[in-house]
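Colleague: Provided below for reference: sequence and predicted model.
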Amino acid sequence: MSLEAPRGRGSDLVEEWGSRPVVATETPFEGIVFDVRRDTVDLGEGGIVVRDYVTHPGAVVVVALHPFDGVDHVLLIRQYRHAAGGQIWELPAGMLDVPGEPPWEAAARELAEEVDLVADRWDLLVDQVASPGVYPEPMRIFLARELRDVDAEEAHERTAEELELRPLWVPLDDAADAVLQGQVSNGAAIVGILGAHAARTREWATLRPRDAAWPSHPAYRGPTP
């Protein structure tokens with residue numbers, strides 16, 4: 001291991017998806033948003049192990065990018081998150097909680113509901129799994145451009161924590177600096193901001209179609225709807 005580990009290239013970084021045989025399973029906790037599952041798993045040479053983890057339908061995240069005075073700005077929102085114990089900066093996001101809704105359409109819905117924006121151009125930026133060992137929430141992060149305001153009569157009525165949402169347009173370069181200075185702690189925001197910053201340096205050549213296969217989400221391993 002360590003320095004004696006083999007060297008490779010980016011093309012070698014292919015993940016293999018598919019669970020090992022599950023000998024037994026139970027659900028010790030059922031919640032409003034997620035459940036906790038306990039699986040007894042056969043790892044072959046690794047033996048039989050028990051693993052607890054959180055199940056989640058997955059989520060979509062939006063990097064909304066707009067050029068103000070020729071400078072790319074990304075839209076961030078500050079929101080109170082009780083579990084984290086504070087008001088943190090995030091990207092517009094939401095769960096895949098509408099059966100049959102394509103992920104990019106869910107992202108468009110969340111963008112309209114949270115920040116009153118419509119995007120005419122959608123691209124896939126990056127995929128993420130929140131915490132594979134215990135909270136394997138699959139997250140798909142989209143890049144939304146060619147933005148315009150939602151029609152006033154279609155504006156979403158916000159409730160609960162949504163009432164305190166504070167939107168802020170920040171230059172993409174500044175947002176990337178803020179991430180590296182520890183000013184942004186939300187994982188999806190970190191990945192989305194740095195992903196957009198890196199993709200732009202490559203003139204967006206790394207962007208994928210909005211309906212590309214989603215290997216890390218068990219429901220979308222083929223082309224998405």
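Modeller: Happy to help now that I have it. Residues are numbered from 1 along each chain as shown.

Colleague: residues contacting residue 139?
Modeller: 58-61, 93, 127-130, 188 (CB atoms under 8 Å, 6 or more residues apart in numbering). Bear in mind the C-beta positions are built from the backbone N, C-alpha and C, glycine included.

Colleague: Give me the buried subset of these.
Modeller: Buried residues within the contacts of residue 139, defined by neighbour count using 16 or more other CB atoms under 10 Å: 58-61, 93, 127-128, 130, 188.

Colleague: In JSON lines, list those residues along with secondary structure and distance to residue 177.
Modeller: JSON lines is the format used below for these (DSSP: H, G, I helix; E, B strand; the rest coil; distance: CB to CB, whole Å):
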{"residue": "58", "secondary structure": "coil", "distance to residue 177": "30"}
{"residue": "59", "secondary structure": "strand", "distance to residue 177": "26"}
{"residue": "60", "secondary structure": "strand", "distance to residue 177": "26"}
{"residue": "61", "secondary structure": "strand", "distance to residue 177": "20"}
{"residue": "93", "secondary structure": "strand", "distance to residue 177": "22"}
{"residue": "127", "secondary structure": "strand", "distance to residue 177": "24"}
{"residue": "128", "secondary structure": "strand", "distance to residue 177": "21"}
{"residue": "130", "secondary structure": "strand", "distance to residue 177": "24"}
{"residue": "188", "secondary structure": "helix", "distance to residue 177": "18"}
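
Colleague: Please report how far the most centrally placed residue in the chain lies from residue 121.
Modeller: When CA atoms, centre = their mean is applied to the chain, the residue found nearest the centroid is residue 139 (3.3 Å). Distance from residue 139 to residue 121, counting by CB to CB, to the nearest Å: 21 Å.

Colleague: same question, residue 15
Modeller: 28 Å.

Colleague: More neighbours: which of those two?
Modeller: Shown here are residue 15 and residue 121; by other CB atoms under 10 Å, residue 121 has more neighbours (11 against 7).

Colleague: and the more buried one, which of the three is it?
Modeller: Under DSSP: H, G, I helix; E, B strand; the rest coil, residue 121 falls in the strand class.

Colleague: and what of residue 52?
Modeller: Applying three-state DSSP: residue 52 is strand.

Colleague: quick one, what contacts it?
Modeller: Residue 52 neighbours (CB under 8 Å, 6+ apart): 28, 36-38, 134.

Colleague: farthest-separated two in those residues?
Modeller: 28 and 134 (13.8 Å; CB to CB).

Colleague: Phi first, then psi, for the residue nearest to the centre of the chain.
Modeller: phi -130, psi 130 (degrees, to the nearest 10).

Colleague: now it, nearest residue through space, not along the chain?
Modeller: Distances taken as CB to CB, 6 or more residues apart in numbering place residue 128 nearest to residue 139, at 4.5 Å, with adjacent residues excluded.

Colleague: re earlier: hmm, which two among the contacts of residue 139 are most spread apart?
Modeller: Longest span within the contacts of residue 139, CB to CB: 93 and 129, 14.8 Å.

Colleague: In a helix, residue 191, correct?
Modeller: Yes. Counting by three-state DSSP, residue 191 is part of a helix.
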